[in-house]
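Enquirer: sequence first, then the predicted structure, then my questions.
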Amino acid sequence: MKLANRVAIISGGNRGIGLATAKLFCREGARVVITGRDETAGRAALAQLADSAAREPNALFISADVTQNDACQRIVKETIDAFGRLDILFNNAGIILRNRSIEATTEDEWDAMMNTNVKSMFLLSRAALPHLRAAGGGAIVNTSSYLGLVGAPGLAAYSASKGAVINLTRAMALDHARDKIRVNCICPGSVETDMIYTAWQAYGDVDQAARVWSAKHPLGRIASVDEVARLALFLASDDSSFITGAAIPIDGGITAG
């Protein structure tokens, strides 16, 4: 198993990419802490991660708002209290507001986007780094987006936040390379999650929206959450032991053109 005896924190781990990654990490031997603001979704996710055959619990849900420093400190403390160490941090919490040019974006919307998509990574990474260092090194994986690499209409604040994640990743990778802490980010295209279905419903015709979104990607479809989870596993494991500071598209070729 690729993550045997390792401990991972996954923010936004109660649904979508985060939950798929938590399941995969558990299957690969990790003990996993998932966080989210939705207690009901978190408890349901935790039930999916439970390993009744294990002598000790392999997963923990912590209800927390990762845009708040006290919450991030508590997440890390409760992880150490439960499992004794920390090896992997997957900064995956994020939100998106569509159909918003800069002129159409309110200050509150801008702040919410930056706080959730960028500030949360700063706060949780800052809380986690001493423990990753104490473990002799580890891996941080950040979720950006292909829209951190290219622009798109109606997504100004989102694109800005995801571009910030990419350069935050690069700077952290340089800061902590000597600590044997690798820092990378993933840049998904459209992914089959609740968020994308919400966008399709807003489009008005879900089937037509699915065809439009799929056609944007040269491979002719959107990604599954499991495909993105496998990239997160690669970057969290020793399979990527000489990779740090990378921003890796997983976008069906959409940024290749």
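Expert: Everything's here; your move.

Enquirer: Three-state assignment for Leu60, please.
Expert: strand (DSSP: H, G, I helix; E, B strand; the rest coil).

Enquirer: might one say that it is in contact with Ile75?
Expert: No - using Cβ atoms under 8 Å as the test, Leu60 is too far from Ile75 to be in contact (9.8 Å). Where C-beta positions appear, they are placed from N, C-alpha and C, glycine not excepted.

Enquirer: need the residues touching each of those two.
Expert: Listed contacts common to Leu60 and Ile75 are Val33; contacts here mean Cβ atoms under 8 Å, 6 or more residues apart in numbering.

Enquirer: in the chain, which spans are strands?
Expert: Read by DSSP state E, the chain holds these strands, from start to end of the chain: 7-11, 31-36, 59-63, 88-91, 138-143, 181-188, 247-250.

Enquirer: in JSON lines: those, plus distance to Asp175, mean pLDDT and mean neighbour count.
Expert: Converted to JSON lines, the strands of the chain look like this (distance: least, Cβ to Cβ, whole Å; pLDDT from 0 to 100; neighbours: other Cβ atoms under 10 Å):
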{"stretch": "strand 7-11", "distance to Asp175": "19", "mean pLDDT": "98", "mean neighbour count": "28"}
{"stretch": "strand 31-36", "distance to Asp175": "24", "mean pLDDT": "96", "mean neighbour count": "27"}
{"stretch": "strand 59-63", "distance to Asp175": "26", "mean pLDDT": "96", "mean neighbour count": "21"}
{"stretch": "strand 88-91", "distance to Asp175": "14", "mean pLDDT": "98", "mean neighbour count": "29"}
{"stretch": "strand 138-143", "distance to Asp175": "11", "mean pLDDT": "98", "mean neighbour count": "26"}
{"stretch": "strand 181-188", "distance to Asp175": "8", "mean pLDDT": "98", "mean neighbour count": "26"}
{"stretch": "strand 247-250", "distance to Asp175": "16", "mean pLDDT": "98", "mean neighbour count": "18"}
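
Enquirer: possible to save the ones you listed as a markdown table with distance to Pro153?
Expert: What follows is these, written out as a markdown table (distance: least, Cβ to Cβ, whole Å):
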| stretch | distance to Pro153 |
| --- | --- |
| strand 7-11 | 29 |
| strand 31-36 | 30 |
| strand 59-63 | 36 |
| strand 88-91 | 27 |
| strand 138-143 | 22 |
| strand 181-188 | 19 |
| strand 247-250 | 20 |
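
Enquirer: nearest to Leu129, out of the ones you listed?
Expert: Evaluated over the strands of the chain, closeness to Leu129 peaks at strand 181-188, with 7.0 Å, by Cβ to Cβ.

Enquirer: so what are the sheet partners of that closest one and their directions?
Expert: Strand pairing for strand 181-188, using DSSP bridges, gives strand 138-143 (parallel), strand 247-250 (parallel).
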